[in-house]
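Undergrad: predicted model, plus sequence, below.
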Amino acid sequence: MQNNFDNENIIVGIVGLGAMGRGIAQIAATAGIKVLMYDAIDGVTDDAINFIDKMLKRSLEKKRIDENTYKRAINKLTKVNTLEDLKDCNIIVEAVKEDINIKKELFVKLENIVSENCILATNTSSLSVTDIASSCKKPYRVAGYHFFNPVPLMKVVEIVKAERTSDSIIDFLQKLAIFMGHNPVITKDTPGFIVNHVGRGYSTEAMAMFTEEIAQVDIIDSILKKAAGFPMGPFELFDLTGLDVSLPASISIYNGFYQDPRYRPSYKFNKRLEAGLLGRKVGEGFYIYKDGKKIDNEKLEKSYSNEDIDFSIWVSKKNKEGYEKVIKYLKSKNYKIDYNEAPKEESLCIITPFGLDATTTAINENLDPSRVIAVDTFYGFDNCKTLMGTLDATVKYKNAALSIFSENSEEAYLISDSPGFVVQRVLSMIVNIACAAAEQKIASPSDIDKAVKLGLGYPYGPLEWGDLIGASKINYVLNNLSAIYKDQRYRPTLWLKRRALLSKSLLEE
């Protein structure tokens, strides 16, 4: 099948003009491509054209586009009243309801209308492109073309190669994406493709921490934003997306990978779904909303003063990296440090475990658990301090540690004793799942990073992030989590293990 890319003569058909369809139409028209727009519901096409006109005028006012580009784009949009009017299209992008039967029926109808060289692309975010293509006489011309909302701002598109998709189709879609100003990434047809697949590390690990009740949701969100640099906390994201959308997506990916424990959601989330705690759109989810705005929890005032600290601070040397970070911090604040090999009788004992809980670490290091506080130095220590006491840690030492590590308005959070803190667990899972995607050749390492960084707004691609932290550190955390929980969820991938052993980049194929 020959599909030569000729931007001067391309006609793109869009079927389904909700948020995604009109967004795709906007970027195509802005690039100077003729767009035929169809929706089965009366009035939707007119509304879509008016919406695009409004968005383009806003871009014109903000000088993102010029007058000529605006006029050209509007003139490239054409309303059609029947599917038959799409017969001359080179490519049709379907953006109808996420129902596989509806999509299959549509593609069967389109095949009887369009030319034999017309590409049929689906914007599905979670359904099997191979299954959709199976309804067609020519499945090799069917591919996934998954954009992200809002399309004009989210500059990435996943090109999904189904089992029988022709290479020439993938090549055409790549060139078209670039011409429309987007970054194409190529992925195999697997559950969640790249972005929704790798993003499970963020959402499902948040679910696990919620189930274990290691901290309030606003504290988990704050830690992940401040220490790791995520644009939104996982629970803020659940509320924004809607639990009725995000939980079924998680379940679909979990089942799509035949219940691989890495993608296992939490039963507690289904209970919240049953209770109607969907998020922002209903005014209540993990947070309360008034007039669409989140109502933040009241912050508690510190109840402990640095003047009450009449003892020295001892820091474990078991983790050299953690020891150096904590000692540097304590010196900068002029605290009295206990440099003895074993802590003095009254000293506050600071440990810095990776992938372990405070209680286990205290016992392993033969420390008095009533005086032991664990501090997370794995990543983002300079931006946010996460602490946890052993089960026996006294209020005196917990409060002292909070005061010490929140001096001069620095943020410090005390969570329940749990293996791996918050950041260690979440980042390690994200990196490990990205490694699994690379290992299975779902996409190239560079495309995995590009897709996740652009699609989810992470500060780094997951494999790049793994290199920044260190593959050996992440492997160490996962091994400890796996040993404690006895759960296959935390098993390190061979991609990660081998590169950790050889000190190679996670991006290296």
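TA: Perfect, thanks for sending it.
Undergrad: nearest residue to the residue positioned nearest the centre of the chain other than its sequence neighbours?
TA: Geometric centre of the chain, nearest residue: Gly199, 3.5 Å, by CA atoms, centre = their mean. Spatial nearest neighbour of Gly199, excluding adjacent residues (CB to CB, 6 or more residues apart in numbering): Leu456 at 5.6 Å. To be clear about C-beta, it is placed using only N, CA and C from the backbone, and glycine gets the same treatment.
Undergrad: was I right to think that neighbour contacts Val195?
TA: Yes. Using CB atoms under 8 Å, Leu456 is in contact with Val195, at 6.2 Å.
Undergrad: dump the residue contacts of the closest residue to Ile350 other than its chain neighbours.
TA: Leaving aside its sequence neighbours, Ile350 sits nearest to Val315 (CB to CB, 6+ apart; 4.6 Å). Contacts here follow CB atoms under 8 Å, 6 or more residues apart in numbering; on that basis Val315 touches Tyr323, Val326, Ile327, Leu330, Ile337, Ile350, Thr352.
Undergrad: next one: Leu414
TA: By CB under 8 Å, 6+ apart, the residues touching Leu414 are Leu387, Met388, Gly389, Lys398, Ala401, Leu402.
Undergrad: which one of the contacts of Val315 sits in the busiest neighbourhood?
TA: Ile350 (29 neighbours; other CB atoms under 10 Å).
Undergrad: so how far is Ile159 from that residue?
TA: Applying CB to CB, to the nearest Å, the value for Ile350 to Ile159 is 50 Å.
Undergrad: over to Val80?
TA: 26 Å.
Undergrad: and the residue nearest to Gly199, its phi and psi?
TA: phi -120, psi -10 (degrees, to the nearest 10).
Undergrad: same thing with Asn479?
TA: Torsion angles, degrees, to the nearest 10, at Asn479: phi -60, psi -40.
Undergrad: go on, His146?
TA: phi -90, psi 110.
Undergrad: how far away is it from Tyr476?
TA: Note on His146: its distance to Tyr476, by CB to CB, is 35 Å.
Undergrad: which ones are touching the closest residue to Thr394 other than its chain neighbours?
TA: The shortest distance from Thr394 to any non-neighbouring residue, by CB to CB, 6+ apart, is to Ser370 (5.3 Å). Ser370 makes contacts with Thr390, Asp392, Ala393, Thr394, Tyr397, as judged by CB under 8 Å, 6+ apart.
Undergrad: can I get those residues in a markdown table with distance to Ile223?
TA: Below are those laid out as a markdown table (distance: CB to CB, whole Å):
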| residue | distance to Ile223 |
| --- | --- |
| Thr390 | 20 |
| Asp392 | 24 |
| Ala393 | 19 |
| Thr394 | 24 |
| Tyr397 | 21 |
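Undergrad: make a PyMOL selection of the buried ones in the residues you listed.
TA: Selection of buried members from the contacts of Ser370 for PyMOL, criterion 16 or more other CB atoms under 10 Å:
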select buried, resi 390+393+397
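Undergrad: and the contacts of Ser370, which of them are in helices?
TA: Per DSSP state H, helices hold the following members of these: Tyr397.
Undergrad: now distance to Ser416 and pLDDT too, for the contacts of Ser370, in CSV please.
TA: Below are these laid out as CSV (distance: CB to CB, whole Å; pLDDT from 0 to 100):
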residue, distance to Ser416, pLDDT
Thr390, 11, 98
Asp392, 13, 97
Ala393, 11, 97
Thr394, 15, 96
Tyr397, 15, 95
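Undergrad: where does the protein have low pLDDT?
TA: Low-confidence segments of the chain (pLDDT under 70): 1-5, 297-308, 408-409.
Undergrad: please repeat the previous calculation with a cut-off of 80.
TA: 1-8, 296-310, 407-410 (pLDDT under 80).
Undergrad: now the closest residue to Ile178 other than its chain neighbours: phi and psi?
TA: Nearest residue to Ile178 in three dimensions, chain neighbours excluded: Pro184, at 6.5 Å (CB to CB, 6+ apart). Backbone torsions of Pro184, given as degrees, to the nearest 10, read phi -80, psi 140.
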